[in-house]
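Colleague: Predicted model and sequence follow; I will ask about them next.
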Amino acid sequence: MKTIIEPFRIKVVEPIRITDRASRERVLRAAHYNLFQVKAEEVTIDLLTDSGTAAMSSQQWSAIMAGDESYAGSRSFYRFEEVARALTGFRHIIPVHQGRAAEKILFGLVGGPGKVVPSNSHFDTTRANVEYTGATALDLLVAEGKDPASEHPFKGNIDLRALQACLEEHGPERVPLVMLTVTNNSGGGQPVSLENIRAARETAHRHGVPLFLDACRFAENAYFIKLREPGQRDRPVRDIAREMFSLADGCTMSAKKDGLVNIGGFLGLNDDSLASRARNLLILIEGFPTYGGLAGRDLEAMAQGLAEVLDEDYLNYRFVSTAYLGDHLKAAGVPILLPVGGHAVYLDARRFVAHIPPEAFPAQAVACELYLEAGIRSVEIGSLMFGKKDQATGAFRPAAMELVRLAIPRRVYTQSHIDYVIEAIIEVHGARRRIRGYDLTWEAPYLRHFTARLQPRQGPDRPECPDSGRHSG
């Protein structure tokens, strides 16, 4: 059949509030033009993130009822440990409440002033946790990954020559590990090939440096490998995922993505000494090693989710439904990052609003306009998130790309919701010359995009031209 249906039935529904533009204007103004500060009840379609926003299955809810809430030695932990260990092969599985806690523990132990942590692309919390220790988070993405129009099948790959040069320059004394993000979220949800993971491991090990995965979307990356990498088409996606993990020495995992849960994660390690130190720090900041900041019911749901996410009917539906959004936008002439990722579609704001300079945060401007137009919440991945001032000159250093991520929660929205999103984006694109940039009025020292306050610019980056109409809802 040509029609790809959702491989599930809906048992419970949650009402969506339909708002009008006037109310959304008041809400956005009160939120200082930061969509993270908008109350969820004021959002019609929420594409801010796919992290922790999945709909859990009946089997997961059933598993929750079996949760063992014992402080120490919970049977729910041992079930979770068994599932995670079988999937990853890591000797030590250390539960945490979410991925950034695993990052905090890991880089709190191996980071520090003078250290350098190379990656294909660090995501925001990873970068912040590296830099908080005084270390440098270094992005070494392949050239194709920096070109939104490139259709290269593995734009998430790390640049192996650049990695080699980094390791030769700094050595194992300054490089505690190499981190590969799979899929590469800040680079457009793009996958990393098995060949690249294997070569990165060989390069790192040749210099005495371990390789780690930021594995929050491991299943989606494995499915991309199955679809795109020569010789992988006939392999079960579980086997591909297992091989990915086997090439690494450890991982951080936010199970709020491909664990299909609303909270949870883990740190996977093979190094016995590092694992012992990690558990000591875990007790200090997260909890006892057999619950790690989670309830037993969360461990049960996570164990079930790690099994369900590797179902290939689910993964096919996930990819086809995401591509449906991207294909319709591309056909309408809306500039997007290509090829479409597994968990999100990324608008290319640099081309979308070419009249807005990077220092006026073009991706944030598009995201705000999309909320005003139709109550759709997305997230900026551009110069608000990653732009910086040069410490020596004070000059503004923009992000490599200006993207608006439309992250699709797992098993939550139907095709009619996505059709609404398509219609709204096309209308915003048609009236794009009226969109103006923003100025920062306040920012935090780390992860500023979560709490930043902005205001619309009144300058020349908003030329007047005829509008194309507005949604009333």
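Modeller: Perfect, I can see it now. Being a predicted model, the structure only gives us computed values, none of them experimental.
Colleague: just for the stretch 351-473 of the chain, where's the confidence low?
Modeller: Within the stretch 351-473 of the chain, the ranges that satisfy pLDDT under 70 run 459-473.
Colleague: likewise the chain?
Modeller: Across the chain (using pLDDT under 70), the flagged ranges come out as 459-473.
Colleague: Determine the longest helix present in it.
Modeller: The single longest helix within the chain, with elements called by DSSP state H, is helix 312-331.
Colleague: what's next to that one, contact-wise?
Modeller: 4-7, 219-220, 223, 227, 236-237, 308-309, 336, 338, 340-345, 347, 406, 408, 410, 415, 418, 421-422, 425-426 (CB atoms under 8 Å, 6 or more residues apart in numbering). To be clear about C-beta, it is placed using only N, CA and C from the backbone, and glycine gets the same treatment.
Colleague: From these, keep the buried residues only.
Modeller: 219-220, 223, 227, 237, 308-309, 336, 338, 340-345, 347, 406, 408, 410, 418, 421-422, 425-426 (16 or more other CB atoms under 10 Å).
Colleague: Sitting in strands, which of the residues you listed do you find?
Modeller: Secondary structure assignment by DSSP state E places 344-345, 347, 406 of the buried ones among the contacts of helix 312-331 in strands.
Colleague: Helices - which of the contacts of helix 312-331 land there?
Modeller: Short answer: the contacts of helix 312-331 in helices (DSSP H) are 219-220, 223, 227, 237, 308, 415, 418, 421-422, 425-426.
Colleague: Might you report the residue contacts of the residue nearest to Phe386 when sequence neighbours are not counted?
Modeller: Distances taken as CB to CB, 6 or more residues apart in numbering put Ala399 closest to Phe386, at 4.0 Å, once the chain neighbours are dropped. For Ala399, the contact set (CB under 8 Å, 6+ apart) comprises 358, 381-383, 385-387.
Colleague: same deal with Val209?
Modeller: 167, 172, 175-178.
Colleague: Adding secondary structure, distance to Phe154 and neighbour count, write those residues out as JSON lines.
Modeller: Putting the contacts of Val209 into JSON lines (DSSP: H, G, I helix; E, B strand; the rest coil; distance: CB to CB, whole Å; neighbours: other CB atoms under 10 Å) gives the following:
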{"residue": "Leu167", "secondary structure": "helix", "distance to Phe154": "21", "neighbour count": "21"}
{"residue": "Pro172", "secondary structure": "helix", "distance to Phe154": "27", "neighbour count": "13"}
{"residue": "Val175", "secondary structure": "coil", "distance to Phe154": "23", "neighbour count": "24"}
{"residue": "Pro176", "secondary structure": "coil", "distance to Phe154": "26", "neighbour count": "22"}
{"residue": "Leu177", "secondary structure": "coil", "distance to Phe154": "22", "neighbour count": "22"}
{"residue": "Val178", "secondary structure": "strand", "distance to Phe154": "17", "neighbour count": "28"}
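Colleague: Gln98: which of those is nearest?
Modeller: Using CB to CB, Leu177 is the member of the contacts of Val209 that lies nearest Gln98, at 20.1 Å.
Colleague: Same list (the ones in helices among the contacts of helix 312-331) but as JSON lines, adding distance to Leu213.
Modeller: What follows is the ones in helices among the contacts of helix 312-331, written out as JSON lines (distance: CB to CB, whole Å):
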{"residue": "Ala219", "distance to Leu213": "12"}
{"residue": "Glu220", "distance to Leu213": "13"}
{"residue": "Tyr223", "distance to Leu213": "16"}
{"residue": "Leu227", "distance to Leu213": "20"}
{"residue": "Val237", "distance to Leu213": "16"}
{"residue": "Glu308", "distance to Leu213": "20"}
{"residue": "Gln415", "distance to Leu213": "33"}
{"residue": "Ile418", "distance to Leu213": "30"}
{"residue": "Val421", "distance to Leu213": "31"}
{"residue": "Ile422", "distance to Leu213": "33"}
{"residue": "Ile425", "distance to Leu213": "32"}
{"residue": "Ile426", "distance to Leu213": "37"}
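Colleague: Quick check: chain neighbours aside, which residue is closest to the most centrally placed residue in the chain?
Modeller: The residue lying closest to the centre of the chain (CA atoms, centre = their mean) is Asn185, at 4.4 Å. Spatially, and ignoring its direct neighbours in sequence, Asn185 is nearest to Phe123 (4.9 Å; CB to CB, 6+ apart).
Colleague: returning to that earlier point: so who does the residue nearest to the centre of the chain touch?
Modeller: 121, 123, 216-217, 343.
Colleague: can you pull out the helices in the stretch 251-400 of the chain?
Modeller: Taking DSSP state H, counting those that start in this stretch to define them, one finds helices in the stretch 251-400 of the chain at 272-285, 296-308, 312-331, 349-352, 362-374, 383-386.
Colleague: same question, the stretch 101-250 of the chain
Modeller: Under DSSP H, counting those that start in this stretch, the stretch 101-250 of the chain gives helices at 124-132, 160-174, 194-206, 218-228, 237-246.
Colleague: Out of those, which one sits most buried?
Modeller: helix 218-228 (a mean of 25; mean count of other CB atoms under 10 Å).
Colleague: so what does that one touch, helix or strand wise?
Modeller: helix 237-246, helix 312-331 (3 or more CB pairs under 8 Å, 6 or more residues apart in numbering; DSSP states H and E).
Colleague: domains for the chain, by residue range?
Modeller: 21-50+311-456, 58-308 (automatic domain parsing).
Colleague: and these as a markdown table, adding distance to Glu14?
Modeller: Converted to a markdown table, those look like this (distance: least, CB to CB, whole Å):
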| stretch | distance to Glu14 |
| --- | --- |
| domain 21-50+311-456 | 9 |
| domain 58-308 | 13 |
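Colleague: looking at the ones you listed, which is closest to Lys11?
Modeller: domain 58-308 (6.9 Å).
Colleague: Right, I'll leave it there.
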